[in-house]
Each structure stands twice: as structure tokens, then as C-alpha cells.
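Enquirer: show me the folded form of this:
(one chain, ligands or ions: 1)
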Amino acid sequence: MQSASIDRVLGEVDRSRDEIVDFAARLIRIPTINPPGADYEACAAVIGDQLRAHGADVQLLPAIGRVEHTPEHPRINVIGRHSGTANGPAIHLNGHFDVVPVGLGWTRDPFGGEIEDGKLYGRGSCDMKAGLAAAVFAAEAIRRAGVAHASPIDISGTVDEESGGFAGVGWLAEQRIISRERTRAVIIPEPFGVDRICIGHRGVYWFEVIAHGRIAHGSMPYLGVNAIDGMSHLLELVRDELGPALFGRVTTMPVVPEGSRHATININGIDGGQPVDDIPSPCVADRCRVVFDRRFLAEEGLERTRAEIAALVNKAQSRMPDVKFTIEDRLIFEPTRAPEDAPLIGALTDAIEQVTGRKASLVASPGTYDQKHVARIAGVTHCVAYGPGELALAHQPDEYCSIDDIVSCTKVLALAVLKLAS
Ligand SMILES: [Zn+2]
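Expert: Residues are numbered from 1 along each chain as shown. I've put the predicted structure just below:
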């Protein structure tokens, strides 16, 4: 890449600083809260209009066929393509525009898009409407600089990442809109910070265990079989045996925060026996249900993870033979990891050094995000996350994103995309 082209692109990003922030603030002012998936249509339209104004070929894509796509809460995705001088697969920038509910503790209007002290505030500012704005304006800076690129550049805004992404990136991948044929590499500007590239994430095994007992009068518990008592044996095994074993396993993936380099399990919820808030009826609990969230390492693999849980449940079963235990899978995502020699990691690393003067670090995410759909359904393994914002501020009250970081990330994205698309 010629240094004159680089300078022109960086200059265009600097000149569009206010436009980028204004666009991000406009997105924040649309309360695309998920659940239930509010105002998606309005947000997709604003992104589509902006991309169209930038000369992109824009399509609004309702997730037809998905159960979540309802007349009340339509799931509308948007994609814009800046064509290149050659055909062939595109460099794709993808951002989700749904946000989690507001929660308590805010001192500002969560949907005001307020700016103060160089920070843009609001729900979704860091996760990840600023990143989406950076993606849109990275491509625009290349266009305004008049620098030709061979590969097309795709920009998509998608729904439902916060609830699994099935009607968003998952759906685009199923429709082959993101696919090996159409897509060479994908960058997702999730908030990992200006100098960190996220190469992937751990796996998820979400399951529930149900203990089935036998009902009897609470005054004669020996005539029944208490399912909660049965479940307590399993919980004890999880705490005393599985927990320490998981802590002893550490992945080679650079997961941040470091505590999540270990395999983990969380008890997400428990439910059993008589309803606590209703009029009490004295019965032996005949059912107890627990939802577990097991995050597993690439080194562990899904099969071993499931077999280990099944063995643990069997052990609980043998301690309390009258209770019957069943396991039901809820949600499974395999770990994903971009190959470290993928050209997009090199391009981002170089661009980060050029823009910030700092060395890039590679990290991995404790939780999953849309990379799983890109890698598993679309088959595009060359996918990473890179975008503005501090991960720790995501989903918090008074969420904000530094404006300097938004601009720096826009520059990095523009240089990396240009290199990859040249
Ligand atoms: Zn996000």
C-alpha cells in the first residue's frame, strides 16, 4: 500500500470525526432493546440510509423463517456492499445493533446519546453501536480518499446477538449471505479496545438437570421421594469434585479476564417443590430442575464435557437411587479460534501499530459472540473481533465509549480493510 493512500484515508477519518460520533449517537437514540427486540426496523433503516448515502448497494433482510421474526418484533438485518474493481469474495465488517435492557443505576439518559468529556454515553455505546459506526465510516473513508480496492467491502448490521444471534448473523450465514463464496474475512467490531484483537471464544454447554421424585404429604416425608434432596447430591458433586477439576484445566487461548482461562461452570437457576410465594401446600418435592452454564475449553472439547456431566449425574443417581435424573441440552456452541496466521490478524496488527504506535495483543473472549456463526455455519474461519470500547463497560449502567478510541478504531479498520481488499 502506498503511503500517500494511507495518509489520505487517515485524513478522511479525521475529517469525519464529528460525523462518526453523530451517527453512533443516532443509533444509540433508537432503543433496540433485546429482549424483546424493539425498534429493529427503525435502526436497520437508519443504517441502510447511511450506507446508501455512502454509495453502497443496500439490502434490508428480514429473517424470514425464524420464529423470532414476528409482526410485532420483526427481525430486520441490513447489509451494504461497496463493490471493488474485481469480483470475488468480500471483506466483511459486521456489527450487531441490538442492546441489552437498561438495568438500574444510570445517572444519564440511556438513550440520549450524550457527549461529555470526550465520551459518548448510552446503552449500546460500547456494545456495540460505536463499533458499527466505525465500520461504516472506515469503508467511507476509503471511498472518500478515492483509493481503489479490488475486493468488495460488505458492511452488515444485524439483530439478536445478545440472545444468540440466530435471526442475525446465524441467519445471514444460513442464507449464504455470509459464506465462503461471498466472504473472505470478517471483522466484528465488538468492544475489545483499540489495541486488542480477539481471535475467538470458549465453548458453551448449557444444559438442565431434572430430578424426578415422588410426591407425598409433607408431614410424612418418608412416604415420598424428595427431588430437591436428590438434587442436593448433584450440587455437592459439582461444588466438591467438578469445580476443582475444572479449575485445574487452563487453555492456551489468551482469554481475558485471565480467570476465564480456566474451564468454568455456573449454576444459573434452580426451581423445585412448592412455589415459594404461593399458599403453601405441604408436599414432598417431586421435581427439581437446575440450569447449568458450563464454559468449556477448546482443549476439552464438547464430547468430553458432556460425558463428564453424564458421569457426575450418574454418581448422584447412585447416591440416591429412588430419584430419577434426566439431562436436557439447552444450547451448545463449540469454541472458535481464527488461525493465527490468518492475513486479517496480520493486517490488523500492522494497522494498530501504525495508528496507535502500540503493539497489538491477541486476546480471546470468555463468552461467545457472533463469530461462532461465521465460523460454524458460514465456514469462514478467518474472523476476529476488533473494535472500540472497554469490554468491562458492556451491559453496565452509564455505559460509554471514548470518542478518541472510536476514531482510532475507525482508522485501524480502514487501513486493515484496505490492505485485505487490495
Ligand atoms: Zn456485543
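
Enquirer: what is the three-state secondary structure of the residue of the stretch 251-400 of the chain found nearest the ion?
Expert: The nearest approach of the stretch 251-400 of the chain to the ion comes at Y369, 5.8 Å away (C-beta to the ion). C-beta: built from backbone N, CA, C; applies to glycine. Secondary structure assignment for Y369 (DSSP: H, G, I helix; E, B strand; the rest coil): coil.

Enquirer: count of residues packed around it?
Expert: Per other C-beta atoms under 10 Å, the neighbour tally for Y369 reads 23.

Enquirer: I'd say it and I188 touch.
Expert: Yes - look at Y369 against I188 with C-beta atoms under 8 Å: they come within range, at 6.7 Å.

Enquirer: give me the common contacts of these two.
Expert: A385 (C-beta atoms under 8 Å, 6 or more residues apart in numbering).

Enquirer: now do the same contact list for the residue nearest to the spatial centre of the chain.
Expert: Taking C-alpha atoms, centre = their mean, the centroid of the chain lies closest to Y369, which sits 2.3 Å from it. If a contact means C-beta under 8 Å, 6+ apart, then Y369 has 161, 165, 188, 190, 201, 385 as its contacts.

Enquirer: any idea how far the residue of the stretch 251-400 of the chain closest to the ion lies from K315?
Expert: 34 Å (C-beta to C-beta, to the nearest Å).

Enquirer: burial measure for P343, as a count.
Expert: Neighbour number of P343 under other C-beta under 10 Å is 14.

Enquirer: next one: the one 5 residues further on
Expert: By the criterion of other C-beta under 10 Å, L348 has 26 neighbours.

Enquirer: next one: I406
Expert: Neighbours of I406 using other C-beta under 10 Å come to 28.

Enquirer: which residues of the stretch 51-200 of the chain lie near the ion?
Expert: With C-beta under 5 Å from the ion as the criterion, the stretch 51-200 of the chain meets the ion at residues 127-128, 190.

Enquirer: at 8 Å instead, please
Expert: Selection of the stretch 51-200 of the chain residues close to the ion by C-beta under 8 Å from the ion yields 96, 127-128, 131, 161-162, 190-191.

Enquirer: now do the stretch 301-422 of the chain
Expert: Counting by C-beta under 8 Å from the ion, the residues of the stretch 301-422 of the chain near the ion are 369, 394.

Enquirer: what ranges do the strands span in the stretch 301-422 of the chain?
Expert: 324-333, 336-337, 361-365, 383-385, 400-402 (DSSP state E, counting those that start in this stretch).

Enquirer: dump the ones you listed to CSV, plus mean neighbour count and mean pLDDT.
Expert: Output for these, formatted as CSV (neighbours: other C-beta atoms under 10 Å; pLDDT from 0 to 100):
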stretch, mean neighbour count, mean pLDDT
strand 324-333, 14, 96
strand 336-337, 21, 96
strand 361-365, 20, 97
strand 383-385, 27, 98
strand 400-402, 25, 98
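
Enquirer: which one, of those strands, ends up nearest to I76?
Expert: Closest approach to I76 among these (C-beta to C-beta): strand 383-385, 22.8 Å.

Enquirer: other SSEs contacting that closest one?
Expert: strand 183-188, strand 196-201, helix 343-356, helix 371-376 (3 or more C-beta pairs under 8 Å, 6 or more residues apart in numbering; DSSP states H and E).

Enquirer: what residues of the longest one count as buried?
Expert: To tie it back to what came earlier, the one meant is helix 343-356. Within helix 343-356, the residues that qualify as buried are 344-345, 347-352, 355-356, counting by 16 or more other C-beta atoms under 10 Å.

Enquirer: gap between C198 and S361?
Expert: 10 Å.

Enquirer: equivalent analysis for P62, please.
Expert: 39 Å.

Enquirer: before we move on, what about P388?
Expert: Distance from P388 to S361, by C-beta to C-beta: 16 Å.

Enquirer: also S408?
Expert: Noted for S408: a distance of 15 Å to S361, by C-beta to C-beta.

Enquirer: quick one, helices of this structure?
Expert: 3-15, 17-28, 40-53, 130-144, 169-174, 227-237, 243-247, 302-319, 343-356, 371-376, 403-421 (DSSP state H).

Enquirer: those helices: which one's closest to Q274?
Expert: helix 227-237 (10.3 Å).

Enquirer: thought P335 was touching T252?
Expert: No - using C-beta under 8 Å, P335 is not in contact with T252; the gap is 11.6 Å.

Enquirer: more neighbours: those two, which one.
Expert: P335 (23 against 11).

Enquirer: so what's the more buried one up against?
Expert: 200-203, 253, 296-298.

Enquirer: so what's the residue count around I199?
Expert: I199: 23 neighbours (other C-beta under 10 Å).

Enquirer: from T305, how far out is the residue nearest to it when sequence neighbours are not counted?
Expert: Nearest non-adjacent residue to I199, counting by C-beta to C-beta, 6 or more residues apart in numbering: A338, 4.8 Å away. Counting by C-beta to C-beta, the gap from A338 to T305 is 22 Å.

Enquirer: comparing those two, which residue is more hemmed in?
Expert: Remark: of A338 and T305, A338 carries more neighbours, 25 against 22, as counted by other C-beta under 10 Å.
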